[in-house]
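Student: Using only what follows, build the 3D model:
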Amino acid sequence: MTDERLELPQGTLDLLILKALSLGPQHGWAISERLHQVSRATLQVPQGSLYPALHRLERRGWISARWDASDNNRRAKFYELTRTGQRQLKTETEDWRRLTTVVDLVLGME
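Tutor: Residues are numbered from 1 along each chain as shown. Here you go, the predicted structure:
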């Protein structure tokens, strides 16, 4: 993978957060680190983008939050996917796959 960072299209961060949380409850920093690792260090989500997205997803009812102790025994807010969030993840994943297929077709035209 290249060393270049990618800008996420509008709404993509929400999808990635939902996917990360589908693996189990996590606090914000862990979500950011997981996305960074899985993307082979291509995605770096700044706190100024991550936490507003988490709050937006919580307001929509797609995730819930609770305070608990982190691995290093510090107080942290853990986020978890709700049933509504699971349905939203499925819908957004299907939409994303259709969109990327169509964009790929257009980019491949001669």
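Student: before we move on, which element is the spatially most central residue of the chain in?
Tutor: Nearest to the mean C-alpha position of the chain, by CA atoms, centre = their mean, lies Ile17 at 1.8 Å. Using DSSP states H and E, Ile17 falls within helix 12-21.
Student: ditto for Ala65
Tutor: Applying DSSP H and E, one finds Ala65 within strand 63-69.
Student: need the next SSE after that strand, C-terminal direction.
Tutor: Per DSSP H and E, strand 63-69 leads on to strand 75-81 as the next helix or strand towards the C-terminus.
Student: about what we covered before: could I have the strand holding Ala65 exported to CSV, CA atoms only?
Tutor: Only the C-alpha atoms of strand 63-69 are listed here, as CSV (Å, rounded to 0.1, in the frame of the first residue of the first chain):
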residue,chain,number,x,y,z
ILE,A,63,-25.2,3.1,18.3
SER,A,64,-25.5,3.3,22.1
ALA,A,65,-22.9,4.5,24.6
ARG,A,66,-21.9,3.7,28.1
TRP,A,67,-19.1,4.6,30.4
ASP,A,68,-16.7,1.8,31.6
ALA,A,69,-13.1,1.1,32.3
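Student: Identify each buried residue in stretch 92-110, please.
Tutor: Using 16 or more other CB atoms under 10 Å as the test for burial, stretch 92-110 gives Glu92. Quick note: C-beta positions are derived from backbone N, CA and C, even for glycine.
Student: Outside of that stretch itself, list whatever touches it.
Tutor: With CB atoms under 8 Å, 6 or more residues apart in numbering as the test, stretch 92-110 has contacts from 12, 14-15, 18-19.
Student: Tabulate these (JSON lines), appending distance to Trp96.
Tutor: Below are these laid out as JSON lines (distance: CB to CB, whole Å):
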{"residue": "Thr12", "distance to Trp96": "8"}
{"residue": "Asp14", "distance to Trp96": "11"}
{"residue": "Leu15", "distance to Trp96": "6"}
{"residue": "Leu18", "distance to Trp96": "11"}
{"residue": "Lys19", "distance to Trp96": "10"}
